[in-house]
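Asker: Starting from these lines, generate the structure:
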Amino acid sequence: ISACEKCGQWRHALGLLGLMSNAALLPTVISYNAAISVCEKGGQWQQALALLEKMVSDGVVPDVVSFSASICASDKGKQWQLALVLFEVSLHAHSLPDTIVYNAAISACEKGRQWKQALGLLYMMQSTIGCRMSEKSTRGQLSRRNRTRETRCSKKKK
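Answerer: Here you go, the predicted model:
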């Protein structure tokens, strides 16, 4: 299914996903994500969202990639309101949005000339993802300091 993305063959990807179901092969989150992504790249936002709905109805739990591709598809389809709804759903779906999800929602707002919503998302992104990045970089700096100290200590012992 992912190979269809490179060639822009969204119809073929949907056909393959259908064949999986017909052959008693249960599509996984990866299969659905690949198909949603193909539809997004092919400008087929309605198909991408239909796949997200089918995914849920089939009992497959969407992840951050599912929401990211669906929000990007909504963005490309100039559906900023739908992009924001999907963003809200992603917040409650046990998959914390990453920078790609935030950026897709912000981009959809920008195309819809919804600068207040875009700004609100940017602030939300800074307060959630920004904190996590700061924590990681702090841990990295502490780790480097500890390695430097260990190196200095081992040189003194010699």
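
Asker: quick one: contacts for T28?
Answerer: V60 (CB atoms under 8 Å, 6 or more residues apart in numbering). Where you see a C-beta, it was placed from the backbone N, CA and C, and this is true even at glycine.

Asker: got any ranges where this structure has weak pLDDT?
Answerer: 1-5, 7-9, 12, 22-23, 94-95, 130-158 (pLDDT under 70).

Asker: now the helices for it?
Answerer: Applying DSSP state H to the chain gives helices spanning 2-7, 10-22, 29-41, 45-57, 64-76, 80-91, 99-111, 115-157.

Asker: Out of these, indicate the one that is most buried.
Answerer: helix 64-76 (a mean of 26; mean count of other CB atoms under 10 Å).

Asker: What angle do helix 80-91 and that one make with each other?
Answerer: 170 degrees (axes from the mean of the first three to the mean of the last three CA atoms, to 10 degrees).

Asker: Could you shift the numbering so residue one becomes 503, and keep it that way?
Answerer: Let's use 503 as the start, then, which means that last one is helix 566-578.

Asker: For stretch 548-563, output the C-alpha coordinates as PDB.
Answerer: What follows is stretch 548-563, C-alpha atoms only, in PDB (Å, rounded to 0.1, in the frame of the first residue of the first chain):
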ATOM      1  CA  GLN A 548     -12.900  12.600   1.800                       C
ATOM      2  CA  GLN A 549     -11.400   9.100   1.200                       C
ATOM      3  CA  ALA A 550      -8.800   9.700   3.900                       C
ATOM      4  CA  LEU A 551     -11.500  10.600   6.400                       C
ATOM      5  CA  ALA A 552     -13.700   7.700   5.300                       C
ATOM      6  CA  LEU A 553     -10.700   5.400   6.000                       C
ATOM      7  CA  LEU A 554     -10.200   6.900   9.500                       C
ATOM      8  CA  GLU A 555     -13.900   6.200  10.200                       C
ATOM      9  CA  LYS A 556     -13.600   2.600   8.800                       C
ATOM     10  CA  MET A 557     -10.500   2.100  10.900                       C
ATOM     11  CA  VAL A 558     -12.400   3.000  14.100                       C
ATOM     12  CA  SER A 559     -15.500   0.900  13.100                       C
ATOM     13  CA  ASP A 560     -13.200  -2.100  12.400                       C
ATOM     14  CA  GLY A 561     -11.800  -1.800  16.000                       C
ATOM     15  CA  VAL A 562      -8.400  -0.500  14.900                       C
ATOM     16  CA  VAL A 563      -7.200   2.200  17.200                       C
END
